[in-house]
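[1] next comes the sequence, and after it the predicted model I'd like to discuss.
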Amino acid sequence: MGGGVRLIVFDFDQTLSCVHVFKSLAGWAERSRKQERGLMRIPKPYACTERGQVQRIFELNSTEPFQSEGGFARTAFGGERRVAELRRFLNALSAEGTEMLICTKGLVGAARKCLSDLRLLEFFSEVYGNIGGDAYAGTPYDKAATRFEPSPEERALLGTRDNSGWRSKADLIARLLDSRRLRREQAVLVEDDPEEIRKATGVCRTHWVREAEGLQTEDFAALRRMADEGTIAAFEAPDGDPSMFCRAGMGAVGGRRPPRQPRSSSTGVVSGGAPPRTLSQQVAQSGPPRRRDLSPLGCGSFGGSSPGGCVTPPMLGSVSLGGSRPSSSERTPTGTAATGKGPAKHILMTMGGVALAPAKGVGWQR
């Protein structure tokens, strides 16, 4: 994947699953005075601790209507068709070398049990979340669940202190980036909570599952594009808009910003912000690149060319070759692209991870 996305951190409830697994098992649907989106009604008893929820899933798997649907987890994840699509998506990312893990405010054991039942747990290197019974008040069923030693199967699902040793999702991702020596643009948080998206914008890239009904086909496609675009990058220019894109070997894209386009909200990401046009649209607008615009380094000219592959940018902006461009889905809930440090105040360009510095009288040189 080169300089593209190397790490994806998924939320669990209403992101991987279509319903809120923790709240459903805890009986929130019955206590809620209004119909809250993402809640699934299940029969009593309810459970709020890790062991209690794991044991309750075991029981629900052999209880109707879940038994005829293939188990509790299959129902919570939207049925066989969506589970199959999710598995293909995760398998494709895994085959490309993308590391995937889960960070949830729910319970580690319950998340692992659902994923294990669906044969999806193998795709995730780790599951971070709450453990034991200290995070949420228990029920009589939870207390009864602790009277017996956990079975080997149950014990393998329960989390440890290593799974719960994080303060916030943004802090955990920052720690993961540091330990893996990854840059901000090489990690993505996939999340349905807009507040979590806001907190993570300065740490990593983000994908907001806006409808909070689980990842859908459009989300899978957007995340695949983010993972595959290792040779494209655009960061914010002084006025807050990405100023230009450049793909290695594509030549000049044009020095002018494309006009703003209306944003569709049908993909489950933010509508309200107007993203830049796609690279193919810009190339179509600017015309095909001329041969003399192609430099020995495989990069085109932004407003002028210089020998040795130097590039002279026509305007202030920030471009990275060998990095990754924020995709159309990488939008905050307010509709602005997230860079973490605000608008760029000067031009910064890298090639293959090596920073380039400006020299007087010429373009850009290594």
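    Everything's here; your move.
[2] at which residues are the helices of the stretch 151-300 of the chain located?
    In the stretch 151-300 of the chain, the helices defined using DSSP state H, counting those that start in this stretch lie at 152-157, 161-164, 169-180, 194-200, 217-228, 279-286.
[3] do you know which of these lies nearest residue 7?
    helix 169-180 (6.5 Å; CB to CB). To be clear about C-beta, it is placed using only N, CA and C from the backbone, and glycine gets the same treatment.
[4] quick one: buried residues of the closest one?
    The neighbour-count check on helix 169-180 (16 or more other CB atoms under 10 Å) flags 169, 170, 172, 173, 174, 176, 177 as buried.
[5] what does it rub up against?
    Defining contact as CB atoms under 8 Å, 6 or more residues apart in numbering, one finds that helix 169-180 is touched by 6-7, 9, 11, 99, 101, 103, 128, 166, 182-184, 186-187, 189, 191, 196, 199-200, 202-204.
[6] for residue 156, see how far away residue 112 is.
    Per CB to CB, to the nearest Å, residue 112 is found 8 Å from residue 156.
[7] again with residue 138
    22 Å.
[8] what about the two, which has more around it?
    Each of residue 138 and residue 156 has its neighbours counted (other CB atoms under 10 Å); residue 138 has more, 17 against 12.
[9] surely that one is in a helix?
    No: counting by DSSP: H, G, I helix; E, B strand; the rest coil, residue 138 is not found in a helix; it is coil.
[10] tally of neighbours for the closest residue in space to it that isn't next to it in sequence?
    Leaving aside its sequence neighbours, residue 138 sits nearest to residue 49 (CB to CB, 6 or more residues apart in numbering; 4.9 Å). Residues lying near residue 49 (other CB under 10 Å) number 28.
[11] shaky segments in the stretch 51-200 of the chain?
    135 (pLDDT under 70).
[12] show me where it has strands.
    99-107, 127-130, 187-191 (DSSP state E, counting those that start in this stretch).
[13] can you redo those as JSON lines with distance to residue 120 and mean neighbour count?
    Below are the strands of the stretch 51-200 of the chain laid out as JSON lines (distance: least, CB to CB, whole Å; neighbours: other CB atoms under 10 Å):
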{"stretch": "strand 99-107", "distance to residue 120": "10", "mean neighbour count": "22"}
{"stretch": "strand 127-130", "distance to residue 120": "11", "mean neighbour count": "23"}
{"stretch": "strand 187-191", "distance to residue 120": "14", "mean neighbour count": "25"}
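[14] need those in CSV with distance to residue 162, can you?
    Formatted as CSV, the strands of the stretch 51-200 of the chain follow (distance: least, CB to CB, whole Å):
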stretch, distance to residue 162
strand 99-107, 12
strand 127-130, 9
strand 187-191, 20
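[15] buried residues in stretch 59-77?
    Here stretch 59-77 shows 60, 61, 66, 70, 71, 72, 73, 74, 75, 76, 77 as buried, counting by 16+ other CB under 10 Å.
[16] what sits against residue 90?
    Residue 90 touches 100, 120, 123, counting by CB under 8 Å, 6+ apart.
[17] so which of these is the closest to residue 18?
    residue 120 (13.6 Å).
[18] do I have it right that the closest one meets residue 85?
    No: if you go by CB atoms under 8 Å, residue 120 and residue 85 don't touch, sitting 11.7 Å apart.
[19] which one's more surrounded, these two?
    The residue with more neighbours, out of residue 120 and residue 85, is residue 120; 18 against 15, by other CB under 10 Å.
[20] and of the helices of the stretch 151-300 of the chain, who's closest to residue 132?
    Of these, nearest to residue 132 by CB to CB is helix 161-164, at 8.2 Å.
[21] any idea how far residue 8 is from residue 123?
    From residue 8 to residue 123 the distance is 10 Å (CB to CB).
[22] between the two, which contacts overlap?
    93, 100.
[23] the two: which is more packed in?
    residue 8 (23 against 20).
[24] what does the helix or strand in which that one is found rub up against?
    Using DSSP states H and E, residue 8 sits in strand 7-10. Contacts of strand 7-10 with the rest of the structure, by CB under 8 Å, 6+ apart, involve 16, 93, 98-103, 124, 169, 172-173, 176-177, 180, 182, 186-190, 204, 223, 227.
[25] can you list the strands that that strand pairs with?
    strand 99-107 (parallel), strand 187-191 (parallel) (DSSP bridges).
[26] as CSV, those strands with distance to residue 148 would be great.
    Output for these, formatted as CSV (distance: least, CB to CB, whole Å):
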stretch, distance to residue 148
strand 99-107, 18
strand 187-191, 36
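[27] residue 214: which of the ones you listed is closest?
    strand 187-191 (10.9 Å).
[28] hmm, who's touching the closest one?
    Under CB under 8 Å, 6+ apart, the answer for strand 187-191 is 5-11, 15, 169, 173, 176-177, 196-197, 200, 203-209, 215, 219, 223, 226, 330.
[29] can I get that strand in CSV? Just the C-alpha atoms.
    Provided in CSV are the C-alpha atoms of strand 187-191 (Å, rounded to 0.1, in the frame of the first residue of the first chain):
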residue,chain,number,x,y,z
ALA,A,187,-4.4,5.8,10.2
VAL,A,188,-8.2,6.2,10.2
LEU,A,189,-10.8,6.1,12.9
VAL,A,190,-14.1,4.7,11.7
GLU,A,191,-16.8,5.9,14.1
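[30] that strand to helix 217-228, inter-axis angle?
    If you take axes from the mean of the first three to the mean of the last three CA atoms, to 10 degrees, strand 187-191 sits at 170 degrees to helix 217-228.
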